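>>> sequence first, then the predicted structure, then my questions.
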Amino acid sequence: MNKKFEIGVCYYPEHWPESLWPDDARRMAALGVTYVRIGEFAWSRLEPKRGDLRLEWLERAIDVLHEAGLKVILGTPTATPPKWLVDEMPDMLPVDKEGKVLGFGSRRHYCFSHRGYRSECLRIVETLAERFGNHPAVAGWQTDNEYGCHDTARSWSEESLAAFRHWLSDRYGSVEALNSAWGNVFWSKEYTDIYAIDLPGLAPAEINPAHRMDFYRFSSDQVVEFNRLQCDLLRKLSPGRDIIHNFMGRTLEFDHFAVGADLDISSWDNYPLGFLEDRSDADDDWRRRFARAGDPDFQAFHHDLYRATSGGRWWVMEQQPGPVNWADHNPVPRDGMVRLWTLEAFAHGAEVVSYFRWKQAPFAQEQMHSGLLRPDGVEAEGYFEAKSAIEALQAVDTTANTKADAAIVFDYESAWAWEVQPQGREFDYFRLVFDHYRALRRKGLSIDIVAPDTADLSAYGLVLVPGLFAWSDALVTALCNFEGIALIGPRSGSKTRDFSIPDGLPPDLPKNLADVLVSRVESLRPDCPVSLADGEGAVRFWREFLVTGGSCQAEITAEDGWPVLVHQGRTHYLGGWPDDILLDDIVARLTTLAALPTVDLPEGVRLRRHGDLTFVFNYGDTAADLGALGLDGELIIGGSALPPSGVSVFRQ
Amino acid sequence: MNKKFEIGVCYYPEHWPESLWPDDARRMAALGVTYVRIGEFAWSRLEPKRGDLRLEWLERAIDVLHEAGLKVILGTPTATPPKWLVDEMPDMLPVDKEGKVLGFGSRRHYCFSHRGYRSECLRIVETLAERFGNHPAVAGWQTDNEYGCHDTARSWSEESLAAFRHWLSDRYGSVEALNSAWGNVFWSKEYTDIYAIDLPGLAPAEINPAHRMDFYRFSSDQVVEFNRLQCDLLRKLSPGRDIIHNFMGRTLEFDHFAVGADLDISSWDNYPLGFLEDRSDADDDWRRRFARAGDPDFQAFHHDLYRATSGGRWWVMEQQPGPVNWADHNPVPRDGMVRLWTLEAFAHGAEVVSYFRWKQAPFAQEQMHSGLLRPDGVEAEGYFEAKSAIEALQAVDTTANTKADAAIVFDYESAWAWEVQPQGREFDYFRLVFDHYRALRRKGLSIDIVAPDTADLSAYGLVLVPGLFAWSDALVTALCNFEGIALIGPRSGSKTRDFSIPDGLPPDLPKNLADVLVSRVESLRPDCPVSLADGEGAVRFWREFLVTGGSCQAEITAEDGWPVLVHQGRTHYLGGWPDDILLDDIVARLTTLAALPTVDLPEGVRLRRHGDLTFVFNYGDTAADLGALGLDGELIIGGSALPPSGVSVFRQ
Amino acid sequence: MNKKFEIGVCYYPEHWPESLWPDDARRMAALGVTYVRIGEFAWSRLEPKRGDLRLEWLERAIDVLHEAGLKVILGTPTATPPKWLVDEMPDMLPVDKEGKVLGFGSRRHYCFSHRGYRSECLRIVETLAERFGNHPAVAGWQTDNEYGCHDTARSWSEESLAAFRHWLSDRYGSVEALNSAWGNVFWSKEYTDIYAIDLPGLAPAEINPAHRMDFYRFSSDQVVEFNRLQCDLLRKLSPGRDIIHNFMGRTLEFDHFAVGADLDISSWDNYPLGFLEDRSDADDDWRRRFARAGDPDFQAFHHDLYRATSGGRWWVMEQQPGPVNWADHNPVPRDGMVRLWTLEAFAHGAEVVSYFRWKQAPFAQEQMHSGLLRPDGVEAEGYFEAKSAIEALQAVDTTANTKADAAIVFDYESAWAWEVQPQGREFDYFRLVFDHYRALRRKGLSIDIVAPDTADLSAYGLVLVPGLFAWSDALVTALCNFEGIALIGPRSGSKTRDFSIPDGLPPDLPKNLADVLVSRVESLRPDCPVSLADGEGAVRFWREFLVTGGSCQAEITAEDGWPVLVHQGRTHYLGGWPDDILLDDIVARLTTLAALPTVDLPEGVRLRRHGDLTFVFNYGDTAADLGALGLDGELIIGGSALPPSGVSVFRQ
Ligand SMILES: [Zn+2]
Ligand SMILES: [Zn+2]
Ligand SMILES: [Zn+2]
């Protein structure tokens, strides 16, 4: 490929006097920006009252950008319906689990299920697509903005209830089938009519996990439907343009694979410092040490995830350029980190990294969110970091896909399953998968994240399937055909799709793949880990008691003699949540078996292969000597000594 | 007596194909089970729609059990009203303090006050009692299930409001009397009409404690009434059968003595690991150490409590057989603990211990709750533990009541009083009583728990009355006549029934019993204990400043010279919440005075006398040498070396 | 001046049999009390039903007090509307942010905006003022009671909404002006009608800070209006009497300067132990050490604050006399502390200190709140402490105002601004100002708190302006004219009144005063302080990156070279939240520059100048040697050795 990495910015012409637009556009182009995202929150300016359409200013803004040689990503403004529309149909507002209506005044104030609001969205998207869909500057569309952000994917509204009943009726056909699937005989929960079923809201005790699981599936499907309506219309009216959505980090309430399937490009909004502070499981010491750098694996995880959700093409639509405004603490990034984050995205295959935002707004909710420019138009630190990243990228003249060493299955339904039924307070699906991902990264592996219905794993030497609640036929077949090393569990295959325990007990796999049975399980207090018979590692949070048959045999055992890791040929089953020491041991065994080359990276140093290039990043606060790590080759960026915040790229 | 201990299980024929029933019954009998509880959640199968009664399957199930020689406890299904009934009368749903309706979908979704629902309960109970009340297999009835579980004893519904006003009218007669009793002149809270009084819900500041106290009394009375309706009907229609309810652990929202008075047998549901994890005051270290054993005193406390609530006859209706599903962490019990818990119940005089449940259900809310059998019908660990317990019990051929060494008064109204007005964050009534109970147990005493209106204490050498908010005449008389050693306080007698400070100040006792006056009180931060003049103990959480007169004199004093423990003859008054060191010191003094034999038990080791047998239990994780403790006699079960989880029984 | 300090008590004749009144009055007078506050919660006794006025008992009570030579402060009973009134207009009840109505049953159950309730208040006040306004015993009025206590200043009711829209219309004139001021173009929040704007309640994400800020301003204005209605009426009907309100500690939801402007006297309710326990930022160690003494600066801060809010005249209306009932822990004050608190108030210029309450009530919500007398009428410890304070005061025969050494600006709007937008979790305005106040006190300074629109600072040698969100023209002019030493920042001047970032960036000051620009900011985790280039101090929680010009130069710099403290002549700007070490260093520099005499006080020892007297107080638990501190003079009270709880007063 000869495709170059490209740089974008998010811009809000409606926030600034029109007289400033040309100079902004000129400065963007001068910096090396090629993409500008605009318009995604502008509904009240595009249609201040019903039918009073004011598209001229947007056209002028697009023209100004076009004249500066910039390409435009146009956002559909459906994340921020204006007040007059909400007043027309107040039942479009989302309702929380307790029945409280979430009102106008911020953003994302709508139910995905609301038919009236869906019509209004189609109307405004059609209007925009007809006017701008063939404008030469318009290179793509962003649908809405950050689906699910602020926990908005699920709503307990009346329209949601009606849609849920309809969805249940479609899924089960009859109330008898539903009662049986859910096990409603338990506690006399049997219904006589699907249309009598409520949303799983407040109740004296726990609501049926199958009921909640279906509500979560339904809610995800509503997001998919909502997005698809816009995609279909945009494809028709604006042919040849990329359709994109900007996902968020660690947002699990809808299936991003399903939404991604309707997009040309998955993008995500990458805020390393904000995410470390407000959605990390790390302890205080880790948060303190990486407070100005971000978690060394969190960004990479999402890069790898969103590379998968739309079949390979992906962007960073919003890149943190300095302090944000929304976490509990919002420090300034360490010098060089914005540049590092930018280059890291490209190392994982991003086509575009777009900074949020070009210029800090002095008013309203995000006035404390930095931009590349200060509110007074003077360059902020982010500007110079972006400049440095762009300059460094000049040295990299081609991009190429990388064959990853290992794959990890990631499944949104499993996240919902273990949210519904953690059984132990610490059992969080994202955390479990991320623990495994991080352990592979500590060994210097490049990783693909793959969907739970993946039918072919032959590209990988190693495949991990932690915590997958239920099997797809495709994946079981893929595992049976797989010739690499597989690590399955804990808790994989422990449920049917109907949220019951499989007849033959977990992990519910063919005996010729793994003749192992989970005879009982337990969840553990964090201060009650189970030690191993040998070594310093331990099982924590979750433990299974494994009974093996046939040629399946124990490889690692607990102090009390119960197997922790078993294998049958190349297939391994892990009966617990490993701590980092045990996980490192397991990864070392498996990579040796798989004959994968590894590097024992210092804490904070991470690498990613990209075609024939190797990118190395230093999130830590001490310098690393790449030569001593055995990492060398023709240096393209940086040097063999990798300072804090440093990036080195070499060709091997 | 020649009555044998008996074993039961909880079984749900409606969860399994009918074809499995006979084999299940056969295996139960083969294990040694004699009682099977069924039916308590089966309303939707007994009456899928109004009036569409389907009792045949239940009759067949009873017959199958009968044919296997098993006795049946039949549950009334009123804890789980079916959806069609809730849809008919949605105002039967409970409402929380904030006014939020708790909907259908779990269990216990009803207000105890709802007259319509009470009628429906009588209808279904009558139906069942008429059909099965004289069936030869039916040995008893369980009313409803776990009253008050999931905080359901109190409801802020409209029907509850109407009933509360009626209750107040009955109690006070006139609004003037109510205003005076509650002190409503304070903050202008005087009412002009009892029927204008609200439930104590949300308000800007604290609501009158007398108002809340009466609402708690009313709520308790509603449970009593609700239960009594079923008892009266069952007594009439199913003569000769035991009427039982299954209480829970540390459930304080209704008066179990009052409910128990209408029963033949009190039973409770004994989940040692779940309770340690979710309703213990112990610190993390204690929880960690006993995570697989349970708190060494929690089970015994409830055994002794429920032995009292129905006049002596009591069961364990549900016994934890392995991990449960409902606590924050759900570990596997240490080997031997299920057996230990079983034997311990019998040591405290249980007639029956019944495991919950026979077979783990693979679906719905409790699919992760273990049973004696796994979902696939294979024996789980609990099965073998039960078997071992049953075998051990063969050696014990008779049962006999034990005269306890000491009595502790336990009073539900006091729990409400100090919930209403803790005055210090740590002042929890259960915790206070349990601290005292545990200290007696550390000395190897066997204890009776007695009601707050007990009129005769002559059976005991030692009586403790901690934290009793107000006196009954009966108890004051009993204390005056008591010839043993009494320990009263802290905070006992500090209120009138109307929730005021007594005219003569606490402890409001006759001077010839205890001429002591609590001149002021204080609550203490946990890090601000008050040291003693001598010794290492301290007063924590709560302290009183005692002024004595007559022959009442200080026995233990604080560093600042104020008395902590005073006595007048055999009556002691304790002016504070003692820490464990001080409590051990006090118990040592009192048992010496009372000439009660004591044993200084190692941590985790506990004993209980039963007739001429002494049972010793090891909750700890190190072995104990009973001989070294001076515990010996003819060994019936176990040996002199007591391993972790071990039980030894000897005849003295 | 020859005005003497005077002593008061709070008394509730309606709580006691009339036969006890004369003796109570006699004992008050004998103790040395001259003021008695009565009536503020008595509405249900004054008007048991609409129009059924019963003023006779109150007249008799006033007469009894009068005959004993006591002066009366009569409270308007509007903090406790009776039930019949609430039932007439239930929409007067306050509503919380989630829409939940806060009902009858405690106190403060009204919306300040409710027009119907305002009319009722005027009616009852008029009734009382007409009857008692010229009674010779009535020396003053207390309006209502503790405005804002229990978070009651803000209400999300329907009447509040209507009033808010009206208020917005008055403030902005047009919806266009409002949209522009709030920056509503952001996230399409533009309104087409001011009367479509909602109260800032629940929403999926953050609501516009400008919207919330205006709601907070509006809510404060409602309190001011509510209070002014009563003041105007009382002034008319009860001429010559002082109009007073009793404020609380650390209550920030309304502007006490604005309410205070309508009063003759500001008073406050001083509960040192309760406040330390429930509204202090101190860590557990500090709370433990001062648990029986109170925070050494909290009382003084409020004395100085409320001395400012009504132009100099101020009282303590309620003084803690022993344990209270409302904090998490309610210990007994250390011997001598009630006396100390009393004398400290006079040292700061109080005219009257009035104990709450004369006699402990045995019933209702505050039955555990101590009084000077026990419920049985016997003297409690507080009585003897008051007596000791009164005796000590005999030695001080005149009072005189003190010229303070330093001033600190305190601004309620800034408290709201940083509540709305902390940007870092720890950024609390009160805490920031209090940290500065405490540092000045550690150096023995006497301090004035001044309003944010202060126009003349010439009385002071040192002025501090921490965290003032926006400038008043008056204050900028005063600072420009100021010839003393000024310390401004952090975060001062960082917003416009419309809650935007100023065009020229913060601190938005004339360059000839301070040529410094805050180029970026960050908030810091508590475990991520920024060290200094020299010394042990650090910046914590909040940090600014300062760019200086002209003659403005760095004085203290951070480890990374960025300035922390800069100065331009006598004006200093502080770019961060200093820890105590840095703050002490800064105060040392500034007091040296200002040539203010300082004393390095031991922890817990504090002093206050009062005319030519110096009061020294020992909150600590070790004795202090005043001579060694250089504190000496003619001893009026106490000695040179200052024991724990001791007070020494000397004339210099
Ligand atoms: Zn965003
Ligand atoms: Zn149960
Ligand atoms: Zn008060």
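Yes, it's here. Ligands and ions are numbered 1, 2, ... in the order given.
>>> going forward, measure contacts between C-alpha atoms and count neighbours the same way
Fine.
>>> which elements pack onto the helix ranked longest in chain A?
Across chain A, the longest stretch assigned as helix under DSSP state H is helix A:209-237. Packing partners of helix A:209-237 (3 or more C-alpha pairs under 8 Å, 6 or more residues apart in numbering or on different chains; DSSP states H and E): helix A:115-132, helix A:158-172, strand A:242-247, helix A:256-260, helix A:412-420.
>>> touching chain B at all, the last one?
No. Helix A:412-420 stays clear of chain B (C-alpha under 8 Å from any C-alpha of the partner chain), getting no nearer than 10.1 Å.
>>> just the mean pLDDT for that helix, thanks.
Helix A:412-420 carries an average pLDDT of 98.
>>> how far does the longest helix of chain A sit from its chain's centre?
17 Å (C-alpha atoms, centre = their mean, to the nearest Å).
>>> which of the helices and strands packed on helix A:209-237 sits closest to chain C?
helix A:115-132 (14.0 Å; C-alpha to the nearest C-alpha).
>>> tell me the secondary structure for A:Glu353?
Small correction: residue A:353 is Val, not Glu. Counting by DSSP: H, G, I helix; E, B strand; the rest coil, the backbone at A:Val353 sits in strand.
>>> if we can go back for a sec, tilt between the longest helix of chain A and helix A:115-132?
30 degrees (axes from the mean of the first three to the mean of the last three C-alpha atoms, to 10 degrees).
>>> and helix A:209-237 with helix A:412-420, angle?
Orientation of helix A:209-237 against helix A:412-420 (the same axes, to 10 degrees) gives an angle of 150 degrees.
>>> list the buried residues for helix A:209-237?
A:209-231, A:234-235, A:237 (16 or more other C-alpha atoms under 10 Å in any protein chain shown).
>>> with only the CA atoms kept, save stretch A:226-236 in CSV.
C-alpha atoms of stretch A:226-236 as CSV (Å, rounded to 0.1, in the frame of the first residue of the first chain):
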residue,chain,number,x,y,z
PHE,A,226,-30.9,3.5,14.9
ASN,A,227,-27.5,3.7,13.3
ARG,A,228,-28.5,1.6,10.3
LEU,A,229,-31.3,3.9,9.4
GLN,A,230,-28.9,6.8,9.0
CYS,A,231,-26.3,4.6,7.2
ASP,A,232,-28.8,3.4,4.6
LEU,A,233,-30.0,6.9,3.9
LEU,A,234,-26.5,8.3,3.6
ARG,A,235,-25.3,5.5,1.3
LYS,A,236,-28.2,6.3,-1.0
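>>> ok, A:Lys495 touching A:Ala470?
Yes. Between A:Lys495 and A:Ala470 there is a contact under C-alpha atoms under 8 Å: 5.2 Å.
>>> against chain B, how distant is A:Ala400?
Noted for A:Ala400: a distance of 47 Å to chain B, by C-alpha to the nearest C-alpha, to the nearest Å.
>>> A helix includes that residue, no?
No. Using three-state DSSP, the secondary structure at A:Ala400 is coil, not a helix.
>>> ok, now which ones touch the closest residue to it other than its chain neighbours?
Take A:Ala400 and drop its neighbours on the chain: the residue closest to it by C-alpha to C-alpha, 6 or more residues apart in numbering or on different chains is A:Gly611, 4.8 Å away. Listed by C-alpha atoms under 8 Å, 6 or more residues apart in numbering or on different chains, the contact set of A:Gly611 reads A:Thr399, A:Ala400, A:Asn401, A:Thr402, A:Lys403.
>>> with distance to C:His66 and pLDDT added, can I get those residues in TSV?
Conversion of the contacts of A:Gly611 to TSV gives the following (distance: C-alpha to C-alpha, whole Å; pLDDT from 0 to 100):
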residue	distance to C:His66	pLDDT
A:Thr399	95	67
A:Ala400	96	73
A:Asn401	95	70
A:Thr402	94	75
A:Lys403	95	81
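>>> just give me the closest of the residues you listed to chain B.
Once C-alpha to the nearest C-alpha is applied, the member of the contacts of A:Gly611 that ends up nearest chain B is A:Lys403, at 40.5 Å.
>>> so the closest one sits right up against A:Ile449, yeah?
No. Counting by C-alpha under 8 Å, A:Lys403 stays clear of A:Ile449, with 12.0 Å between them.
>>> right, and the helices and strands packed on helix A:209-237 - which one's nearest A:Phe104?
With respect to A:Phe104, and counting by C-alpha to C-alpha, the nearest of the helices and strands packed on helix A:209-237 is helix A:115-132 at 14.2 Å.
>>> next, the angle helix A:158-172 makes with that closest one.
Using the same axes, to 10 degrees: helix A:115-132 against helix A:158-172 is 90 degrees.
>>> in the next helix or strand after helix A:115-132, what's buried?
For helix A:115-132, the following helix or strand on the C-terminal side (DSSP states H and E) is strand A:138-142. Using 16+ other C-alpha under 10 Å as the test for burial, strand A:138-142 gives A:Val138, A:Ala139, A:Gly140, A:Trp141, A:Gln142.
>>> let me know the pLDDT of the second one.
Here the pLDDT value assigned to A:Ala139 is 98.
>>> report the rounded mean pLDDT for stretch A:638-645.
Rounded mean pLDDT across stretch A:638-645 is 97.
>>> what is the end-to-end distance of that stretch?
Start-to-end span of stretch A:638-645 (C-alpha to C-alpha, to the nearest Å) is 11 Å.
>>> report the distance from it to the chain centre.
Worked out by C-alpha atoms, centre = their mean, stretch A:638-645 lies 29 Å from the chain centre.
>>> buried residues in that stretch, which are they?
Here stretch A:638-645 shows A:Gly638, A:Gly639, A:Ser640, A:Leu642, A:Pro643, A:Pro644, A:Ser645 as buried, counting by 16+ other C-alpha under 10 Å.
>>> report the entries of the residues you listed that also contact chain B.
Okay, of these, nothing touches chain B (C-alpha under 8 Å from any C-alpha).
>>> and of the helices and strands packed on helix A:209-237, who's closest to A:Leu199?
helix A:158-172 (6.0 Å).
>>> report all helices and strands that the closest one contacts.
By 3+ C-alpha pairs under 8 Å, 6+ apart, helix A:158-172 packs against helix A:175-182, helix A:209-237.
>>> centre of the chain to that helix, how far?
Taking mean C-alpha positions (C-alpha atoms, centre = their mean), helix A:158-172 and its chain are 27 Å apart.
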